[in-house]
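Chemist: Need a 3D model of the following:
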Amino acid sequence: MKILTADFYKLSGNKNITITEIRRRLLTWMLFMLNLLIIPALIIAAIESFALKDSLSAIIYLIFTLPILLALIFKHKISYLFAVNICVSLGFIVAVFNTWHYGFNGASIPVYITTAVLATMFLGIRAGFIVLFCSLVPMIIVAYLMTNQITSPTSNMLEITKFPYSWLAAISTLLFLGTIVIFGYGVIQNNLLQSIKYVKKQANELQKANQKLKDDIARRLKIQKQLEFAKNKAEESDRLKSAFLANMSHEIRTPMNGILGFVDLLKEPDISGEEQNEFLEIINRSGNRMLNTLNDIIDITRIESEQVEISISDVNLNKQNEYLHTFFKPEAEKKEISFSYKNGVPNHDSIVKTDREKLYSILANLIKNAIKFTDNGIIEFGYKKKEGTFEFYVKDSGIGIPIGREKAIFDRFVQADIEDVKVFQGAGLGLSISKAYVELLGGQIWVESEYDKGSIFYFTIPFNIMFDEKKEAKKMNSDNGKEKPNKKLRILIVEDDDISTNLLKIQIKPFSKETLIAKNGDEAVAILREDENFDLILMDMKMPIMNGYEATRQIRQFNKEVVIIAQTAFGLMGDKEKALGVGCNDYISKPINREKLVSLIQMYIDE
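Modeler: Next comes the predicted model:
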């Protein structure tokens, strides 16, 4: 019994088993219970009938035991429906027989109900209702016969209760019917609960799968948006860089055209002196324009590669403003621009620790832009103290900035992409460089502008910038830039390019006593080993056979007195430090400005 019960519940709770299999197992279990409880009850009932001298009833009870016993024995050989019909039919016949003998005082009503429950369990709801309504027929017939005294119960219930066997039969019937109802309900409840659990589990799994799908969709949408953004960014970057490269080509070819074109004109034999001077001035301006373009490219390359270093020193803002005004005033006057400046504090309070060159570069870029985009107007620049910073400004009455481009103008390559008839020459890097320098100095830069009315550029720097101060190289005195050294010098030019060599010879001729030439570093070392009596070496750093770095390193092993000035066309971050590291006294980049070269030589020779 325990084994069958455990097996039944194990099966009824298994979500993988079919309802047909559950019914088959339940039928087997019921046949077992019938043989265990009902057959003894029927035998007891037969004994009672014999005791009451009701031989017919006794024989009928004994006959009922036969199909129950045979159904259990041959349960694997008979069909499921046949076995079910035997059980249901037997229950119905027992109920009818009980109704005829005892009326409604007997066990007929519980047996009818149990039979209907069994029919529902094994054959479905429709079969259960059929059995239930069929049960009404014998009940109505017997009720009619007994109420009209046509017949009466054949057995006296009062007499039956006096026999012990009758109580055993009643108890067996109670156990069977109760067990059928309990286990039938148990089947329904257990399978219902298991179904609910299974449905809940499936619902949870479905919800998780749905959420996972939503997350996956959201993630894919996010990735798609990121890819679209990156694609648009890349396309925009490519477009701007293409425009920048086209502009660079224009910015290099245009001044080069001026240089080469006017050089050809200078070859004409009938050119006047006035025209010659005019052409030379144009060539000079074109060369400077090309040099500024290359310097901007070098600066932006340094910024992008994070190779820009800060060199801190005391800067007198008032003196710097005065110098900027003096430097740019002639250019402004050529365009009939009213050019002025204002100092924010007295001279003794205008000292700030910052990077002199970068502050100068920022202001110079802003002033050059103002002059470039202003005609017959006014330009004013200056500064004032404001909340722990110096706030600088450059104000102009020029063309202004188109609406929506106020922030874009600080981006690299943008000017080359502005399709406006008033866009002037330039690489479009000056404001980007200025913005990078301002941020390096710990400040901010912004612009206020009205199209066709003018702009005001602002930027701030702290009172004192907290960076590690570097040892500064000795500064050139611009006021002495045109003065010549006080004595004639013995000079060695180490240069592999003939044009550069000839240019240097001409530039140093006024203060040169004797000039020797070496084509590479190896020749320079050999000359110095034979004769150390030189005042100055102008050392190119990139040469065949032996470069300038190695040549300087070897020369310093036996001659530490001669002044060596490095010269290079690279102009990149680290060139100066590398040259000083191998023993050069100073550094100058190509193209070499004569005034700067003279000032640099004078600074060392006059010592």
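
Chemist: Every contact and neighbour count from this point should use C-alpha atoms.
Modeler: Will do.

Chemist: per-residue confidence at the one residue sitting closest to the centre of the chain?
Modeler: The C-alpha lying nearest the average C-alpha coordinate of the chain belongs to residue 226 (C-alpha atoms, centre = their mean; 7.3 Å). pLDDT, residue 226: 89.

Chemist: Repeat that for residue 260.
Modeler: 81.

Chemist: and the residue nearest to the centre of the chain, what element?
Modeler: Element membership for residue 226 (DSSP states H and E) is helix 164-266.

Chemist: Give me the distance from the next helix or strand after that helix to the chain's centre.
Modeler: Sequence-wise, the next helix or strand downstream of helix 164-266 (DSSP H and E) is helix 273-304. From the chain centre to the centre of helix 273-304 is a distance of 44 Å (C-alpha atoms, centre = their mean, to the nearest Å).

Chemist: helices or strands up against helix 273-304?
Modeler: Contacts defined by 3 or more C-alpha pairs under 8 Å, 6 or more residues apart in numbering; DSSP states H and E place helix 273-304 against helix 164-266, helix 430-440.

Chemist: and it, which residues are buried?
Modeler: Neighbour counts using 16 or more other C-alpha atoms under 10 Å place 276, 279-280, 282-283, 286-287, 289-294, 296-297, 299-303 of helix 273-304 among the buried residues.

Chemist: before we move on, back to that, ranked by average pLDDT, which of the helices and strands packed on helix 273-304 falls at the bottom?
Modeler: Among the helices and strands packed on helix 273-304, helix 164-266 carries the lowest mean pLDDT (a mean of 75).

Chemist: how about the nearest residue to residue 456 once chain neighbours are set aside, what does it touch?
Modeler: Once flanking residues are discounted, residue 456 sits nearest to residue 395: 4.3 Å by C-alpha to C-alpha, 6 or more residues apart in numbering. The contact partners of residue 395, by C-alpha atoms under 8 Å, 6 or more residues apart in numbering, come to 370, 379-381, 454-457.

Chemist: 6 Å - rerun?
Modeler: When contacts are counted by C-alpha atoms under 6 Å, 6 or more residues apart in numbering, residue 395 touches 379-380, 455-456.

Chemist: Can you name the two of those residues that sit furthest apart?
Modeler: Spanning the widest gap among those are 380 and 455, at 10.9 Å by C-alpha to C-alpha.

Chemist: For those two, indicate the residue with more neighbours.
Modeler: A count of neighbours by other C-alpha atoms under 10 Å puts residue 455 above the other of residue 380 and residue 455, at 22 against 18.

Chemist: what's the model's confidence in the helix or strand containing the more buried one, averaged?
Modeler: Per DSSP H and E: residue 455 is located in strand 454-462. Mean per-residue pLDDT for strand 454-462: 92.

Chemist: Check which helices and strands it is in contact with.
Modeler: Here strand 454-462 touches strand 389-396, strand 445-450, going by 3 or more C-alpha pairs under 6 Å, 6 or more residues apart in numbering; DSSP states H and E.

Chemist: list the buried ones in the first one?
Modeler: Right, strand 389-396. Buried residues in strand 389-396 (16+ other C-alpha under 10 Å): 389-396.

Chemist: how far out from the middle of the chain is that strand?
Modeler: Here the centre of strand 389-396 is set off from its chain's centre by 38 Å, with C-alpha atoms, centre = their mean.

Chemist: Check stretch 320-334 too.
Modeler: 49 Å.

Chemist: now swap in stretch 337-352 and tell me
Modeler: 47 Å.

Chemist: cool, and stretch 144-152?
Modeler: 93 Å.

Chemist: Alpha carbons only: can I get that stretch in CSV?
Modeler: Provided in CSV are the C-alpha atoms of stretch 144-152 (Å, rounded to 0.1, in the frame of the first residue of the first chain):
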residue,chain,number,x,y,z
TYR,A,144,-42.0,5.5,-6.4
LEU,A,145,-42.5,1.8,-5.5
MET,A,146,-41.8,2.3,-1.8
THR,A,147,-43.8,5.5,-1.3
ASN,A,148,-46.8,3.9,-3.0
GLN,A,149,-46.3,0.7,-0.9
ILE,A,150,-45.9,-1.4,-3.9
THR,A,151,-42.7,-2.8,-2.4
SER,A,152,-40.7,-2.3,0.8
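
Chemist: Report the separation between residue 518 and residue 494.
Modeler: Distance of residue 518 to residue 494, computed by C-alpha to C-alpha, to the nearest Å: 5 Å.

Chemist: Between the two, which has more neighbouring residues?
Modeler: Applying other C-alpha under 10 Å to residue 518 and residue 494 shows that residue 494 carries more neighbours, namely 28 against 18.

Chemist: and the helix or strand residue 381 falls within with strand 454-462, angle?
Modeler: Element membership for residue 381, per DSSP H and E: strand 378-386. With axes from the mean of the first three to the mean of the last three C-alpha atoms, to 10 degrees defining the directions, strand 378-386 sits at 30 degrees from strand 454-462.
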